[in-house]
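structure for this input, please:
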Amino acid sequence: MNEFTPKENQDLIIDFESKGFLKETAKWTYFLSILGFVGVGILFMIGLFVQSLFSKLGSMFGGMMGNQMGGGFIGTFYIVMAVVYFFPVYYMFKFSTKLKAALKTNDNLKLKDAFKFMKSHFKFVGITSLVFISFYALIFIVFIIFGISSAM
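Just a heads-up that it's a prediction; the model follows:
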């Protein structure tokens, strides 16, 4: 990666058209972050509901029903996904609010903070994507090995 080191009198100037694009970006990222927070809340509530439902079913049927259906695992999975999904949504929300404030007051420090949150958002999404791709590749390899071993 190239490191950019600005010279002393080298300032970035945001023209009127670019400022308009950034304002529109801030509005859309704010909207998407609010939808994301709603999604996180729904995932979390589903996780709690599934856990309580299968706990109740398990107690009604002597623990057999809840264990067979994996309700505890499914509910915990939804809760973990809500926690994981919270972070990129939070970074997007902070990006949009900092960007709006920076454009309103023409503050370079707030603009820098906004871009720091945008970097964090995309870094988190990128790393999460790599983890899931690696996980899928591992599952694919395991299935191939099981398929070959069962064919022999």
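
poorly predicted segments of the protein, please.
1-10, 58-59, 61-71 (pLDDT under 70).

where do the strands sit along the protein?
Along the chain, no stretch is classed among the strands by DSSP state E.

got the residue ranges for the helices in the chain?
16-60, 64-69, 71-105, 108-151 (DSSP state H).

who are the packing partners of the longest one?
By that I understand helix 16-60. Here helix 16-60 is seen to pack against helix 64-69, helix 71-105 when contacts are counted using 3 or more C-beta pairs under 8 Å, 6 or more residues apart in numbering; DSSP states H and E. Using the backbone N, CA and C atoms, a C-beta is placed for each residue, glycine as well.

count the residues that sit near Thr97.
18 (other C-beta atoms under 10 Å).

and what of Thr25?
Thr25 has 15 neighbours, counted by other C-beta under 10 Å.

wait, Ile88 sits on Val125?
Actually, residue 88 is Pro. It isn't Ile. Yes: with contact defined as C-beta atoms under 8 Å, Pro88 reaches Val125; the gap is 5.3 Å.

more crowded one of the two?
Pro88 (18 against 14).

point out the most buried one among the helices of the chain.
Highest mean neighbour count of the helices of the chain: helix 71-105, a mean of 18 (counted as mean count of other C-beta atoms under 10 Å).

now do that one: distance to the chain's middle.
Centre-to-centre, helix 71-105 and its host chain are 6 Å apart (C-alpha atoms, centre = their mean, to the nearest Å).

so what does that helix touch, helix or strand wise?
Contact partners of helix 71-105 among helices and strands, from 3+ C-beta pairs under 8 Å, 6+ apart: helix 16-60, helix 108-151.

recalculate using a threshold of 10 Å.
helix 16-60, helix 64-69, helix 108-151 (3 or more C-beta pairs under 10 Å, 6 or more residues apart in numbering; DSSP states H and E).

looking at the ones you listed, which is closest to Thr97?
Between Thr97 and the helices and strands packed on helix 71-105, the shortest separation by C-beta to C-beta is 7.1 Å, and it involves helix 16-60.
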